[in-house]
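Engineer: Sequence and predicted structure, then a few things I'm wondering about:
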Amino acid sequence: MSGLVARLRLAAPAALVPLGAVVVALLVGAVVMAVAGVDPLRGYDAMVRGALSVSNIDFAVASFTAILAMSLAFAVPARMGEYNLGGDGQLALGGISAAVVALYLPAPAIVLLPVCLVAGALGGAALASVSAPLSTRAGVPVIISTLLLSAPAVALTSYLVRFPLAERGSAVPQTSRLPDAAHLPSFPGTSYTNAGLVVVVLVLLLAVRVDSRTPVGYEIRVAGANRGFAAYGGLSVPRLTLGTLVAAGAVAGLAGAIIVMSQPFRFIDDALTAPGYTFAGIAAALLAGGRPALLPLTAALFTVLTVGSAGMERDVDVPRQLGQVLQAVVILVLALRVLAARWVARRARDAVGGKV
Amino acid sequence: DSGSSGGGEGGEESAGSIIVITPNPVGGNNFLELAVQGAEDVAEEKGLELDVFESTDPTSIQQNVEAAVREKPDIVVGLSFSLQDAFATVPLDNPDQQFLLVDGCPDPQPENVTCAAFREHEAAYLAGVEAGLLSETKQIGVVAALDTPFIRRWVDPFAAGAASVDATVTSTPLFVGGDNPFGDPARGKAQAQVLADQGADQVLLAASGSNVGAFEVATAGGFQAYGVDVNECASAPGQVVDNVLKNVDVALAGAVTEILDGNTGGFQVYGLAEDGVGLTALEDDVDSSGCLIADRPDVIEQVREVQEQIIDGTVTVDDPAAG
Amino acid sequence: MTDLHPDDARPAAGADTPAAELRGITKRFGPVLAVDGVDLVLERGTVHAVVGENGAGKSTLMSVLYGLQRPDAGAVLRNGRELRLRSPLDAIDAGLGMVHQHFRLFGSLTVAENVVYRAEPGRWGVYDRRAAEQRVTELAGRFGLDVDPSARVDTLPLGVRQRVEILKALHRQAEVLILDEPTAVLTPGEVDSLFAVVRSMAAQGTTVALVTHKVREVLEATDRVTVLRDGVVSARLETARTTAGEIVEAMIGRGLKPAVNPRGAVSGEPVLEVSDLRLAAAPGAAGVHGVSLQVRPGEVVGIAGVSGNGQREVVESVLGLRSPDGGSVLLHGQDLAGLGVRERRGRGIAYVPEDRPGMGTAASLSVADNLALGHHRTPPLGSRARLSPRAVRAQAGELVRRLGVKTAGVNAPLASLSGGNAQKVVLARELHHEAPLLVVEQPTQGVDVGAGEEIHRLLLDYRARGGAVLLVSYEISELRALADRVLVMLDGVVTADLDAADATEEVLGAAMVHATRPDDGSSRAGS
Amino acid sequence: MDVFTLAFVAAVLTSSAPVLFAALGSALCGRAGVFNIALEGQLLCGAFTAVAVSWWTGSAWAGVAAAVVTTTVFSGVLALGAVSWRADPIIVAVGMNLLALGLTGFLLRELLDATGTFAPTGLAGLPDLDVFDGIPVLGALLGGQTLLVPLALLLAVAASLWLNRTSTGLRLRGVGEHPEAAASLGVSVTRYQHVTVLLAGALCGLGGAQLSLGNVTAFTENMTAGRGWVAVAAVMLAANRPLLVLGACLLFGAAEAWGFRLQGVGLPQQLTDAAPYLVTLIVLVASRLRVRRRLRDVDPVAAVSAAHPEAVVHPEETR
Ligand SMILES: Nc1ncnc2c1ncn2[C@@H]1O[C@H](COP(=O)(O)OP(=O)(O)OP(=O)(O)O)[C@@H](O)[C@H]1O
Ligand SMILES: Nc1ncnc2c1ncn2[C@@H]1O[C@H](COP(=O)(O)OP(=O)(O)OP(=O)(O)O)[C@@H](O)[C@H]1O
Ligand SMILES: [Mg+2]
Ligand SMILES: [Mg+2]
């Protein structure tokens, strides 16, 4: 009982740290805006409205869905110390796989929806899984093989949508509109907020549970902490690597499928990668510091920053680039939260020491 | 917000407003800059308020269209076919709002959407005719940003036009591609250099921001260049032959005026016949344009002939984007 | 080097001025008071033992002397003058040298580069490789330390790496040399020659601080002894006038029970049967050339030998961490070929590895997580699909209590434990498997006498319950205390197979370094 | 196909030079134990400063100098964040890359009053070398290049010599390999790391300047277009060894240049986009397989963790 209280007392300041970092980041951002001649209050107001006002939240939720999924795609392998930088390729392959199935499989929605989602997951997983043997058999670091595989995968989807899958007569490299049966059902009164969010949240819950309550989650952490220890304990590092990468690729592919199966219901060249979901997801995952349960929070933060800065440009004419600067400042300030975290940890240790 | 109460035509106090939505950032993109210029002109002329929403990627387009609709301007203007999807659906949900799509048209066309499209391939064909006539090495080329159907509207007719006057001319298209196809001048220059090294002496530059580098190759004497959308003859003085013009500013201003006058729902196509596209060579002020073609009235004469043939239908130019 | 420090650190101080002195040193790590007001006087030209149990504060004290840790209170004096040690740089400048308990070597650099690092010969910033290697060869020759100066350090066995560490300090001509447990990986012969080096250095005026757990070494090699217990000095003794018992009592606060090793009843079929095991030699590793051995229930089979003579390869082949080129490994008569570590462990092998930080533990994980490995898929901790964090903590608490591991709690990171306590964690985890075969390497390396005694008792208890133990140790006393049979390995072959009774220090020591090999090199290629 | 003509090689040298500068900087950081993937942002910073200052002063060399200074200062973010304050270098790099992208775009509007592209007539670019004119092979290779191109090549050699033949190079390698050991011998780990990160910043400044005043004479938003990531790939391919970094950059440049030429004979643009990455990956796999076979013989456990560059970056604290 008192142990729990003590643990809470120690955890509370630890939770305040990222919060404080956000506050500092916002202050720095305010200075940046003021220097640029924008009233910070108006700027932030526009940013928040740009993301969260009744009229914008629909889009924001769609972005959030994608960023959350991509943060998970980075966070899962990061748990065992592997960095997945190939989110773009996995996202695009997932999207194109889902589009192909939707376009060529005549089936009712009840069948087509899950099949498309699974196809997307498989597409992403297939690409990510290549990096596992490259790492465990050939010794090519995951961080580099995922990065190197991403561009060719995106190029492949670009080729497909430009030639074999191109919509006839369109000036844009895009597939035809997917059949109605492949449209993810949206929430009443919205056009972007759809079942995709539910799917991603369920996947997240699953990931959190696997991480904290299953042997596999434990083994992933062990492998992340010390490969030699894992091998010694009989854990199959190659299998864990493959597993986490497949899971990561599947989540990214799922995100691709969800995007394609939402408005405007097609695979458009560039539409999946250009918004930068992958890097927003990476930033969100890094800021969550390896705790999957924190991902919704950090993903929401980056959604507000990205979606909101578009609104800021529209409403108060803050250039888009300032939005990027603001995001960068948030990332940098949050990166330095380790300073504060270290300080809190030292205080906590001293507190314990005082009792002993 | 100017608090306009009466819809439709602007009253005397609040002349009204238009919102222009672009598919990409405007800076460095000749076509978009020209279109926005046209919007500014007509806004000034009519005393309209003008707002420009720049999209950064396909996803933000829909968001900008809906945000624009919420502002209830007199006209929501979309630039380029990338907005076609949004303009197929949003107008249906907002029947009282007028829309103008430039460079594309949704099918079916909602009643409250006016369309304006260009037959830029016709002008590109004429530029190809010039290139075919002027090429000494019988090798010509194109540096373009990306291999998409839309951009092919410059690439393919340019080659076809050249071949129409000299079947031995070969055309090599190169696409910048990579991470930033519309803004990677170094890559654009490298590709232009490849064409120069291979002996191409007439090269169409259709790579937007990546053109800057390609023009440097022209300046250094690598080849003679052709610009796109606006007069770019000053980009490599003495080395630019001509430009494939697309008078989007005129078309946009015209369409806005029409809509404000109540003539909504049309689909105006601007080709050579309508004077919506053309070449600098065919303009009245060609002599002061700084373009090389000004020194070759003979070639201009031949191009005029082909122009007539296209207009009267004896020559048809395939549209690569029409499937 | 002397010309670099003309008159600062080495004045002709009075012969009775101590070479170095620590006064009232206090150092706290968060809640842990590692060193509490310790005075230590290192007289010129003496060898001074600093002994104490795990976590007594020996390494911390030496770190303070060497400028690695800044004390919370107290002063460091050199030749009677107070030093301001902001970093080891100042300590080196002041003529101090240190050989660390944990190696601090650059694996990808050569021996010579490691030795001369930051004191490189050469002009205008250009590193003179030839001069460096010459210097190392010369030093190594002078002190009888056999190394190849151009070898990459990460290809060398631990024993050789230790020599590189010593050479590093010797190269810097330290006048006060701190050796933190230098003998752990040396053979008796090497220990003797090191002590000879130490003695001759002392005779030439160098002062040596020797940190150790081993009372025998204290008695053999030192002039004075300072005993630490829980961060304070519990005794200051003169070696010539003390006894092993007195030292041990000061270390652990009680006398040492004589090691009892009642031989158990060895019975039944062999648990482990290794036949004709072969592994190709590689740079820095001897390989294995036809090793066979058997371990029966209730038996401890020891493998003696100098580190790097194939013991590790044998053990890793048994565990499945390495696939041998030839030969077989049978557990309970079943061939383990093709099975991975998990399957082998599942069939009943537990393993305490020598490389604790690299293999036996994960420093950043909690004590509880470290204790769970291998148990995490079975009740009570979990199943294939479920793992209960609560059960993990509960079991960890129980094991920590049972083995007396000193830790701030089961959630504390393993990195916060002292060496001996970390070793107990490894042992607790592996013994808890109750596997029929326990493979143990260097179970008491870096572990103090008290804890070592406990660990020995745990191993003997295990044997008494019918467990089979394959024990690799470089310490003859340990082998004599535990093993029923001792094999000696040299250059990848078994050079002696002795009954415990016959395995005297002299016989083993001889077999470990030379001679008793059945015949010459031809036997290596196998027959 | 004119694959091995001098013009082809010259084109490869030109397009590789900016990447090479950045990759060399990152490789040195890697050797010092700092994971530096903020190359995209630093190159962009250098490219922008070079153009802006060249425009204001009319001197391209002033632009180069300013690019070096500004980017060195900018790299201080990484030095402070990742070295002094020990924040995650990857997060810091992500932030720096985004910061540079946003800030250069913003300043392009505010300071140079341009959007998208800035290439006014009269913007002074770096002059071409003429000292090699008339010399057979060198003239063709370096004639049309700026001084920075041969400098990049020389710096690769110099970096290699520095690391392997000098005392400070030896110390640097030690710092990266085992910081505690280096510190125990009195080498200031943070000082070496700071200096190396700042040096990498200076190199990225040169790379950015070469991109915007050498390869072309213009600045466009996000004009680095992934070159910083290409440099990261080259560094990993080369395992932080400068001469191999040179090789990797040239390989990547050759794959790209060759791709352009293949487009000319009808290969799709997407394939040529992908080619450099695939070539790099294949070479990487082949080289790592060799290293690994060697390693496995010596130490199977080390082989397991060899696939882990980050392990070098955050060495686990061993007591
Ligand atoms: N860097 C550190 N951070 C926290 N605690 C530490 C640190 N270094 C040492 N300690 C703690 O200080 C105490 C003394 O440790 P020290 O390493 O000096 O002991 P030791 O006598 O050398 O033990 P051993 O024989 O096991 O090496 C131990 O409780 C240890 O856990
Ligand atoms: N024992 C030695 N034998 C030969 N040369 C030595 C020895 N000790 C130091 N030197 C040389 O003396 C010089 C100064 O040594 P020191 O260790 O102070 O290096 P430093 O260059 O000052 O280090 P830093 O630059 O890190 O401060 C170096 O050139 C070193 O190579
Ligand atoms: Mg110690
Ligand atoms: Mg110890």
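Structural biologist: Looks like it came in fine. Ligands and ions are numbered 1, 2, ... in the order given.
Engineer: and the residue of the stretch 151-300 of chain D found nearest ligand 1, what pLDDT?
Structural biologist: Residue nearest to ligand 1 within the stretch 151-300 of chain D (Cβ to the nearest ligand atom): D:Glu180, separated by 11.1 Å. Every residue, glycine included, has its C-beta placed from N, CA and C. Looking at D:Glu180, its pLDDT reads 85.
Engineer: What's the local residue count around it?
Structural biologist: 14 (other Cβ atoms under 10 Å in any protein chain shown).
Engineer: Quick check, it in contact with C:Arg104.
Structural biologist: Yes: the criterion here is Cβ atoms under 8 Å, and D:Glu180 meets it with C:Arg104 at 5.9 Å.
Engineer: for the helix or strand hosting the residue of the stretch 151-300 of chain D closest to ligand 1, packing partners?
Structural biologist: Using DSSP states H and E, D:Glu180 falls within helix D:179-184. In terms of contacts (3 or more Cβ pairs under 8 Å, 6 or more residues apart in numbering or on different chains; DSSP states H and E), helix D:179-184 is packed against helix D:167-177, helix D:189-209.
Engineer: got the buried residues for the longest one?
Structural biologist: Along helix D:189-209, the positions that meet the burial threshold by neighbour count (16 or more other Cβ atoms under 10 Å in any protein chain shown) are D:189, D:192-209.
Engineer: Just the element for the closest residue to chain D within chain A, please.
Structural biologist: Residue nearest to chain D within chain A: A:Gln324 (2.9 Å; Cβ to the nearest Cβ). Here A:Gln324 is covered by helix A:320-335, with elements defined by DSSP H and E.
Engineer: What number of residues are in the vicinity of C:Gly320?
Structural biologist: C:Gly320 has 21 nearby residues by other Cβ under 10 Å.
Engineer: for it, what are its contacts?
Structural biologist: By Cβ atoms under 8 Å, 6 or more residues apart in numbering or on different chains, C:Gly320 lies in contact with C:Leu336, C:Leu339, C:Gly340, C:Val341, C:Glu343, C:Arg344.
Engineer: quick one: which of these is nearest ligand 4?
Structural biologist: C:Val341 (29.0 Å; Cβ to the ion).
Engineer: any idea how far chain B is from the spatially closest residue to that closest one that is not a sequence neighbour?
Structural biologist: Spatial nearest neighbour of C:Val341, chain neighbours left out: A:Gly234 (3.9 Å); criterion: Cβ to Cβ, 6 or more residues apart in numbering or on different chains. Applying Cβ to the nearest Cβ, to the nearest Å, the value for A:Gly234 to chain B is 43 Å.
Engineer: does A:Gly234 count as helix, strand or coil?
Structural biologist: When classified by DSSP: H, G, I helix; E, B strand; the rest coil, A:Gly234 comes out as coil.
Engineer: helix or strand for C:Phe103, which one?
Structural biologist: Short version, using DSSP H and E: C:Phe103 is in no helix or strand.
Engineer: list the contacts for the residue of chain A closest to chain D?
Structural biologist: The contact partners of A:Gln324, by Cβ under 8 Å, 6+ apart, come to A:Ser309, D:Leu98, D:Leu99, D:Leu101, D:Gly102, D:Gly105.
Engineer: One more pass at 10 Å, please.
Structural biologist: A:276, A:305-306, A:309, D:97-106 (Cβ atoms under 10 Å, 6 or more residues apart in numbering or on different chains).
Engineer: Could you give me the ChimeraX selection string for whichever of the residues you listed are buried?
Structural biologist: Per 16+ other Cβ under 10 Å, the buried members of the contacts of A:Gln324 correspond to this ChimeraX selection:
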select /A:276,305,306,309 /D:97,98,99,100,101,102,103,104,105,106
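Engineer: between the contacts of A:Gln324, which is nearest chain C?
Structural biologist: So of the contacts of A:Gln324, ranked by how close each gets to chain C (Cβ to the nearest Cβ), first place is D:Asn97, at 28.1 Å.
Engineer: Got phi/psi on that closest one?
Structural biologist: phi -60, psi -40 (degrees, to the nearest 10).
Engineer: Check whether it really touches D:Cys204, as I assumed.
Structural biologist: No: look at D:Asn97 against D:Cys204 with Cβ atoms under 10 Å: they stay out of range, at 11.6 Å.
Engineer: Next, show the common contact partners of those two.
Structural biologist: In contact with both D:Asn97 and D:Cys204: D:Ala38, D:Leu39, D:Glu40, D:Gly41, D:Gln42, D:Leu43, D:Leu44, D:Cys45, D:Thr224, D:Gly228, using Cβ under 10 Å, 6+ apart.
Engineer: check contacts around the fifth one.
Structural biologist: Spelled out, that is D:Gln42. D:21-22, D:25-26, D:36, D:67, D:70-72, D:74-75, D:77-78, D:93, D:96-97, D:100, D:200-205, D:207-208, D:224, D:228, D:231.
Engineer: rerun that using 6 Å as the cut-off
Structural biologist: D:Thr71, D:Gly201, D:Cys204 (Cβ atoms under 6 Å, 6 or more residues apart in numbering or on different chains).
Engineer: Check the last one too.
Structural biologist: Residues counted as contacts of D:Gly228 (Cβ under 6 Å, 6+ apart) are D:Ala22, D:Leu39, D:Glu40, D:Leu43.
Engineer: Find the nearest non-adjacent residue to B:Ser82, please.
Structural biologist: B:Pro23 (3.8 Å).
Engineer: contacting residues for the closest residue to ligand 1 within the stretch 151-300 of chain A?
Structural biologist: Taking Cβ to the nearest ligand atom, ligand 1 has its nearest neighbour within the stretch 151-300 of chain A at A:Ala225, 18.1 Å off. By Cβ under 6 Å, 6+ apart, the residues touching A:Ala225 are C:Ala362, C:Ser364, C:Leu365.
Engineer: Also A:Ala75?
Structural biologist: Counting by Cβ under 6 Å, 6+ apart, A:Ala75 has contacts A:Ala285, A:Pro292.
Engineer: What score does A:Leu85 have for pLDDT?
Structural biologist: Looking at A:Leu85, the pLDDT reads 90.
Engineer: Same question for it, what's its three-state structure.
Structural biologist: A:Leu85 is classified as coil under three-state DSSP.
Engineer: Number of residues surrounding it?
Structural biologist: A:Leu85 has 24 nearby residues by other Cβ under 10 Å.
Engineer: Now do the phi/psi pair for the spatially closest residue to it that is not a sequence neighbour.
Structural biologist: Sequence neighbours aside, A:Leu147 is the residue nearest to A:Leu85 in space, at 4.2 Å (criterion: Cβ to Cβ, 6+ apart). Main-chain torsions, A:Leu147, degrees, to the nearest 10: phi -60, psi -40.
Engineer: A:Leu147 contacts A:Gly87, correct?
Structural biologist: No: applying Cβ atoms under 6 Å as the test, A:Leu147 and A:Gly87 come out as separate, 10.0 Å apart.
Engineer: which one of the two has more residues nearby?
Structural biologist: Neighbours per residue (other Cβ under 10 Å) separate A:Leu147 from A:Gly87, with A:Gly87 holding more: 31 against 27.
Engineer: The host helix or strand of D:Ala159 packs against which elements?
Structural biologist: Taking DSSP H and E as the definition, D:Ala159 sits inside helix D:148-165. The contact analysis (3 or more Cβ pairs under 6 Å, 6 or more residues apart in numbering or on different chains; DSSP states H and E) places helix D:148-165 against helix D:6-31, helix D:242-264.
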